[in-house]
Each structure stands twice: as structure tokens, then as C-alpha cells.
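>>> generate coordinates for the sequence data below:
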Amino acid sequence: MTTTQRKQADVSEKQARQVAEAARESEWRKPSFGKGLFLGRFPLELIDPWPVAEPQPDAEEFLTRLAEYLRTEVDGARIEREDRIPDEVFHGLARLGAFGMKIDKEYGGLGLSNLHYCKALTLVASASPAVAALLSAHQSIGVPQPLKKFGTPAQKQAFLPRLAAGEVSAFLLTEPDVGSDPARLGTVAEPVEGGYRLNGLKLWATNGTVATLLVVLARVPDRGITAFVVEGDSPGITVERRNSFLGLRGLENSLTRFHDVSVPAENVIGGLGKGLRIALTTLNTGRLSLPAMCVAAGKRALAISREWSAERVQWGRPVGQHEAVAGKIAFIAATTYAMESMLDLCCALADDDQNDIRIEAALVKLFASEMAWRVGDELVQIRGGRGFERAESLTARGERGAESEQILRDLRINRIFEGSTEIMHLLIAREAVDAHLTVAGDIIDPEAGLGRRARAGARAGAFYARWLPTLAVGRGQTLSGYEEYGPLAAHVRFVERSSRKLARSTFYGMSRWQGKLEHKQRFLGRIVDIGAELFAMSAVCVRAHAQRADTPAGLELADLFCRQARLRAEALFAALWDNTDPVDVRATRRVLDGRYAFLEEGVLTPDAEQPWVAAWTPGSATVDDVRRRIPRA
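Reported below is the predicted structural model:
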């Protein structure tokens with residue numbers, strides 16, 4: 001273990017929590033539908049009427065040109081086969097302006113709204129998920145978004161025109177031994193005359209092999225984690241590896257070393273010590289890009305399922321007419337409608353900037369990544385052996401090359417990208433219980449003195465005296481409640497009732513476990529998953545009701561989805577209190593202690609010569625640089 005890794009390992013659980021807590025946005029200056037949902041308030045007026053985007057003729061024209069380019073010039077099968085996005089695709093996207101979709105027009109970008117940007121990503125993902133990942137990492141979390149929100153005028157003028165013209169950016173936070181625990185960050189930016197000297201190793205930098213501008217998070221001694229814009233070709237930067245993955249075969253993802261890299265002082269983004277807050281704030285809207293790709297996969301899965309199930313005959317009937325398959329197709333259709341509804345709603349809320357969408361954006365990322373994976377799995381099952389067969393193999397023997405197995409592989413990373421499901425559960429749960437911690441946090445804080453606890457008790461008593469009675473009854477308990485929603489009214493009433501039940505369940509959990517609640521991660525995960533189902537139901541009901549004249553079939557899909565979601569939500573409610581969590585925890589401790597190691601016998605295992613996490617030593621690179629530079633068109 002290196003000195004840096006020893007320092008990382010010395011970070012306590014308390015210190016890690018303090019770093020994460022200091023980075024989160026602690027104030028709520030704008031209303032939030034998601035926050036209200038978890039507090040049992042169901043503020044439907046924040047999303048109904050369905051927000052209508054301002055017309056953007058130039059954006060619509062761009063989407064038309066983009067679709068035509070993708071249809072004629074981007075060969076997704078070739079990218080999958082060659083494990084590489086061709087240079088000419090970079091050039092074509094640059095000519096279209098696709099690298100500047102989220103960059104304001106004054107800096108040479110297209111200035112698209114979040115809604116049009118996500119529509120564009122959905123289009124791109126339908127042609128090649130790897131290209132969509134390239135554009136998403138470049139704009140949603142790469143240099144453009146942090147500079148848009150936190151950059152100085154000089155930084156914007158220096159870097160944004162370059163990026164809009166086709167240069168690629170990347171975001172570098174993760175390290176070989178640091179994932180979602182930034183308190184252990186090992187990359188250091190040491191102050192020197194005129195700027196900083198950067199040393200460290202960054203892992204899994206999407207676009208890292210092709211990026212010429214980087215956002216790098218590093219620790220400035222005594223000042224905290226800070227974000228920097230770093231020139232990708234600076235002396236001392238070595239791309240040591242291009243990483244290879246299960247899916248997204250064309251992804252340019254790197255292991256990047258920094259050795260005595262000079263960074264000018266003016267390249268600090270947002271101020272010293274603000275890096276994590278910048279990263280988390282950027283992700284509030286940046287997370288919307290992943291659901292856009294999930295929607296693309298859902299739409300493609302639905303088309304394949306529909307066409308195949310109508311044509312394939314087994315036991316005297318098309319397979320889609322067999323109930324076992326019909327249930328899978330219904331799930332794909334309903335879930336795709338829900339994912340799109342949630343995404344469109346979140347984009348519209350982000351564009352009008354009247355609401356705080358940090359919970360909503362996190363919920364749609366969580367829900368879409370989990371449910372799209374299930375959609376992909378069901379698609380493979382519907383297709384049977386052909387679902388397991390690669391598209392290239394199908395085509396070679398004269399059948400339509402439906403890329404079912406690729407869809408499944410490409411979707412899997414979304415449950416990990418930009419916050420794993422487990423981390424998203426904890427992040428959303430922290431926001432969901434924020435009101436409780438604000439008034440009663442000192443009561444359950446073991447380090448709080450008697451005076452702090454007494455004051456917290458008084459605050460909590462006043463808060464709960466007002467709040468708890470509001471959870472007893474509501475509009476969802478009357479048969480005439482939300483009757484304006486017609487056939488969907490019963491579902492809206494269910495959401496209102498369940499919102500109050502969810503708030504009560506959270507309160508009971510805090511009362512039962514108090515300070516230990518943060519360790520009840522499966523309980524908190526179920527709380528969040530219930531909230532995601534309720535948000536999805538709200539989105540589909542409001543959308544279908546608003547568009548009932550233009551898209552009457554939306555009412556059918558909304559009803560279908562809500563029937564499925566209600567069953568999932570009710571099962572989650574039951575599992576809050578009836579589960580095997582304590583038994584599972586005890587069993588896992590025994591597994592880790594080796595008690596059940598006999599179960600591992602009887603099979604061959606590879607020689608365990610290499611460590612699970614590779615040690616790294618600061619200093620210059622000892623391997624060749626494998627960065628890729630796209631030649632000018």
C-alpha cells in the first residue's frame with residue numbers, strides 16, 4: 001500500500017459523512033414536487049398543468065438534421081464490431097454542432113433546452129449508445145456544464161467556443177481506490193507560484209482518451225476538494241490505458257496519470273474547496289442524460305418485441321398472443337411510456353427553472369436505469385435463443401439483425417454510471433429526511449450536548465404537532481377526489497394516499513432506529529423506490545390527462561403502468577417491516593468471516609496473484625501513452 005493509499009484508508013466513516021454533507025446543497029430556495037411527495041404533501045400543482053416547452057424552431061430543425069445524419073452516416077453495428085467510433089463521426093457531429101448542444105449561442109453552441117438536448121440524446125442512442133455516451137459525458141458532466149453554472153466570463157470565453165466547435169471534454173473524479181467516497185480522494189493540487197502542481201491517478205474517465213479539455217477534481221492542501229479545467233495535452237499527463245467494458249463497445253474510457261502537471265490559477269472552477277458541490281450541482285441536470293438513453297432502449301425494445309411477437313408462431317398462435325409473453329410486452333410498453341413521461345417532465349421543470357429538481361432528477365435516473373435493465377432482460381427472453389445471439393450472427397445467416405443482447409449489455413452500466421443505484425438510494429433518502437434532520441437532528445446526534453438536544457426537542461415538538469395531523473386524511477380518501485382525471489382518478493388518489501403513508505413510514509423508521517437509521521440502507525432504499533413509483537405514476541397521469549385529445553392511447557398506457565406500479569409499491573410498503581434484512585446482515589458477516597467457504601469448494605478458481613485494487617505509485621508514467629487524437633477534418 002502506498003503512502004497516498006494509507007492516508008485514504010485512514011479516513012473514518014464520520015469524516016467521510018462530513019465531507020459528503022458539506023458538499024450537498026442544504027437550502028431549498030424553490031419548491032420541489034419530489035420533496036413534497038416524501039413529506040406526504042403531494043403538491044400536484046407543481047406539475048399540473050403539464051409544462052409546455054417554448055417553441056424552438058432552430059432546435060427542431062437541428063433534430064431533423066441530426067436524425068438524417070445518424071440514419072445515413074452512423075453505423076452502430078460497425079462501432080460495436082470495431083470497438084471504436086470512427087474519426088469521421090466526430091467530424092460529422094462537430095459540423096452539426098452536436099458537441100455544443102448545451103453551450104449557449106454566444107459561445108458558438110446551439111443553446112438547446114434540456115428537453116431538446118435529451119430528445120437529441122435519445123435519437124443518438126438509437127443509432128449508437130456509445131456515441132450517445134460520448135456526447136453525454138462531454139456536455140452533461142464534462143467542461144461545458146460546470147463552466148455554464150460556475151465559470152468566470154474569462155473561462156467561458158477561453159474554453160466554450162473550442163468545445164462547441166468539436167473538441168471533446170471529460171470529467172475526472174474516480175480513482176483506483178476511490179469511488180463514491182470523495183473524502184478519500186488522493187489526487188493533490190499543490191499550490192505553486194502562478195497556479196498548482198497536479199499529481200494523481202484517475203480511473204474510468206469517459207472520453208479520457210480523446211478529450212483535450214478535462215474537469216479534474218483534486219485536493220488542495222488545507223482548502224479542500226477543488227475543480228480545475230486542465231488542458232488534456234499538458235506535459236505530465238499520460239493516458240495509461242483505454243479500458244474495455246461489457247457494453248458501450250466504442251467508449252473511449254481511460255486510466256489517466258498526472259505527474260507534476262502545471263495548472264494556472266485562473267483554471268480553478270468556482271473557487272477553492274467547492275469542487276464536490278460543483279460536481280453534485282452539475283449532476284442535478286446532468287443525470288437526465290442517462291434516462292434519455294434508457295428511453296431510446298425502451299423504444300427499440302418495444303419495436304423489436306412487437307414485430308417479432310406478431311410474426312413468430314408457436315403452438316398455433318403468434319407468441320405475443322400467449323399470456324406469458326403478453327405480460328412482458330405490456331411491461332415494456334408501460335415502462336417505456338413512464339420513463340419518457342418522467343424524463344420529459346423533469347426536463348420541462350429544469351427549463352422553466354421555477355422548481356428545485358434535485359430529487360426529481362435523481363429519481364428519474366434511478367427509476368429509468370433500473371427499469372430499463374428489466375426491459376432489456378425481458379426483450380432477450382421474448383426473443384429466446386435469438387435474443388442471446390449477436391445481431392451480426394443473425395444477419396450472417398439471413399435473419400434480421402436485432403441487437404437484443406447488445407441492448408442488455410449497453411444498459412447495464414446505467415445502474416452504476418453517475419451514482420450507482422445504492423448510492424442514489426442514500427442520496428435521495430438524505431434529501432427525503434432533510435426536514436426531519438433539520439428539526440430533530442440534534443436529538444439523535446450522539447455528540448450533541450443537553451442544551452442542543454433540548455432545543456431540538458422543542459423544535460421537533462412544534463414541527464410534528466403541525467405536520468403529523470396532515471398525514472391522517474387527504475383528498476385521496478374521497479371517491480370524488482381528482483375526478484377531473486377521469487379514468488385515471490383512482491390512480492391519482494392512490495398516489496396521494498401513498499404519499500402520506502410514505503411520510504408516516506419514514507417517521508416511524510426515524511422513531512424506531514433514530515441515529516441508526518442511516519445504516520438501515522435497505523429500508524431507506526425501499527422508501528426511495530416507493531417514491532420513484534409514485535413520481536412515475538404522477539408523471540404518466542398528468543401527461544396522459546394533458547394530451548388525451550391528441551394522444552388518447554396515452555390514457556391506456558398510463559392506466560396500464562399505474563396498475564403495474566401500484567402492485568410494486570404495495571409490495572415495497574409491505575417489505576418495509578416484513579423482510580429478512582437482519583438475517584441477511586448476520587449471514588453476510590459469516591460469509592466475510594469465511595464460515596461458508598466450504599461452498600466455494602469443488603470448482604476451479606484462477607490464481608489470485610493480482611490484488612482486487614491495484615496499488616499505484618506517484619511519479620511519471622512507466623507505460624506508453626495511448627491517448628487518441630482526432631485529426632482535423
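
>>> run through this protein and note the low-pLDDT ranges.
1-26, 180, 441-447 (pLDDT under 70).

>>> how does it look with 50?
1, 5 (pLDDT under 50).

>>> hey, where'd the strands end up in it?
Listed in chain order, the strands of the chain (DSSP state E) span 169-172, 188-192, 195-206, 213-220, 224-231, 237-242, 253-264, 268-269, 313-314, 317-318.

>>> closest one to I428 among these?
I428 lies closest, by Cβ to Cβ, to one member of the strands of the chain: strand 169-172, at 21.4 Å. Every residue, glycine included, has its C-beta placed from N, CA and C.

>>> show me what contacts V188?
Counting by Cβ atoms under 8 Å, 6 or more residues apart in numbering, V188 touches L198, N199, G200, A218, R219, V220, P221.

>>> please redo it, this time with the cut-off set to 10 Å
Applying Cβ atoms under 10 Å, 6 or more residues apart in numbering, one finds that V188 lies in contact with T4, Y196, R197, L198, N199, G200, A218, R219, V220, P221, F258, P618.

>>> quick check: the fifth one touching I237?
No: taking contacts as Cβ atoms under 10 Å, N199 lies outside contact range of I237: 11.1 Å.

>>> okay, and the common contacts of these two?
Joint contacts of N199 and I237 (Cβ under 10 Å, 6+ apart) are R257, F258, H259, V261.

>>> among these, who's most crowded?
F258 (26 neighbours; other Cβ atoms under 10 Å).

>>> any of the contacts of V188 buried? List them.
T4, Y196, R197, L198, N199, G200, A218, R219, V220, F258, P618 (16 or more other Cβ atoms under 10 Å).

>>> in the longest helix belonging to the chain, what counts as buried?
Using DSSP state H to define each element, the chain has its longest helix at helix 323-352. Neighbour counts over helix 323-352 (16+ other Cβ under 10 Å) mark 325, 328-329, 331-351 as buried.

>>> before we move on, the earlier item: save the strands of the chain as CSV, and put in distance to P552 too.
Compiled in CSV, the strands of the chain are given as follows (distance: least, Cβ to Cβ, whole Å):
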stretch, distance to P552
strand 169-172, 43
strand 188-192, 58
strand 195-206, 41
strand 213-220, 46
strand 224-231, 48
strand 237-242, 49
strand 253-264, 44
strand 268-269, 48
strand 313-314, 31
strand 317-318, 26
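
>>> what's the closest of these to A546?
Going by Cβ to Cβ, the one of the strands of the chain nearest A546 is strand 317-318, 34.4 Å.

>>> return the residues in contact with A77.
The contact partners of A77, taken as Cβ under 10 Å, 6+ apart, are S128, R390, A391, E392, T395, G401, E403, Q406.

>>> how many neighbours does T470 have?
Neighbours of T470 (other Cβ under 10 Å): 13.

>>> what do you get for A490?
Here the number of neighbours of A490 (other Cβ under 10 Å) works out to 16.

>>> wait, it touches S480, no?
No: applying Cβ under 10 Å, one finds A490 not in contact with S480, separated by 11.4 Å.

>>> and the residue nearest to S498 when sequence neighbours are not counted, how far is that from L37?
Leaving aside its sequence neighbours, S498 sits nearest to L534 (Cβ to Cβ, 6 or more residues apart in numbering; 5.6 Å). Look at L534 and L37: by Cβ to Cβ, to the nearest Å, they are 6 Å apart.

>>> A303 now?
33 Å.

>>> of the two, give the one with the bigger neighbour count.
L37 (29 against 13).

>>> please name the nearest non-neighbouring residue to the more buried one.
Using Cβ to Cβ, 6+ apart, the nearest residue to L37 is S499, at 5.3 Å.

>>> same check, this time on D87
Per Cβ to Cβ, 6+ apart, closest to D87 is I630, 5.4 Å.

>>> burial count for the residue nearest to L37?
S499, neighbours per other Cβ under 10 Å, totals 27.

>>> show me where the stretch 451-600 of the chain has helices.
489-513, 521-546, 553-577, 581-592 (DSSP state H, counting those that start in this stretch).

>>> can you tell me which of those helices is packed in deepest?
Mean neighbours per residue, mean count of other Cβ atoms under 10 Å, is largest over the helices of the stretch 451-600 of the chain for helix 521-546, with a mean of 24.

>>> before we move on, back to that, what's the closest of the shared contacts of N199 and I237 to G151?
Once Cβ to Cβ is applied, the member of these that ends up nearest G151 is V261, at 20.2 Å.

>>> hmm, R84 and the residue nearest to D87 touching each other?
No: checked against Cβ under 10 Å, the pair I630 and R84 is beyond contact range at 11.5 Å.

>>> span of stretch 464-474 from start to end?
End-to-end distance of stretch 464-474 (Cα to Cα, to the nearest Å): 17 Å.

>>> show me what contacts G387?
304, 308, 376-381, 402, 404-405, 407-408.

>>> if we go to 8 Å?
L379, V380, Q381, S404, E405.

>>> which one is the first one nearest to, not counting chain neighbours?
Counting by Cβ to Cβ, 6+ apart, A301 is the residue found nearest to L379 once chain neighbours are left out, at 4.3 Å.

>>> next, count neighbours for the one you found.
Neighbour tally, A301, other Cβ under 10 Å: 29.

>>> ok, now how distant is it from D377?
10 Å.

>>> need the residues touching each of L534 and L37.
By Cβ under 8 Å, 6+ apart, the residues touching both L534 and L37 are S499, L502.

>>> which ones are touching T282?
By Cβ under 8 Å, 6+ apart, T282 lies in contact with S140, I141, Q145, P146, K149.

>>> can you tell me which of the residues you listed are buried?
S140, I141, Q145, P146.

>>> what's the most distant pair in those?
Farthest apart among these - using Cβ to Cβ - are S140 and P146, which lie 10.4 Å from each other.

>>> would you mind saying which of the helices of the stretch 451-600 of the chain lies nearest T438?
helix 489-513 (12.4 Å).

>>> not counting sequence-adjacent ones, nearest residue to V52?
V52's closest residue in space is A348 (Cβ to Cβ, 6+ apart), at 7.6 Å.

>>> which residues touch the one you found?
W50, P51, V52, A53, N114, L115.

>>> just give me the closest of those residues to G270.
N114 (21.0 Å).

>>> quickly note the distance from that closest one to T285.
To T285, N114 is 6 Å away according to Cβ to Cβ.

>>> next, show the common contact partners of the two.
Going by Cβ under 8 Å, 6+ apart, residues that sit against N114 and also against T285 are A350.

>>> looks like L408 contacts V380 (just checking).
Yes: L408 lies in contact with V380 (Cβ atoms under 8 Å); the separation is 5.6 Å.

>>> those two: which is more packed in?
The neighbour count for L408 versus V380, taken as other Cβ under 10 Å, is higher for L408 (23 against 18).

>>> look at the nearest residue to that one once chain neighbours are set aside and say how many residues are nearby.
Distances taken as Cβ to Cβ, 6+ apart put G376 closest to L408, at 4.0 Å, once the chain neighbours are dropped. Look at G376: counted by other Cβ under 10 Å, it has 26 neighbours.

>>> please report the distance of G376 from I304.
Distance from G376 to I304, by Cβ to Cβ: 11 Å.
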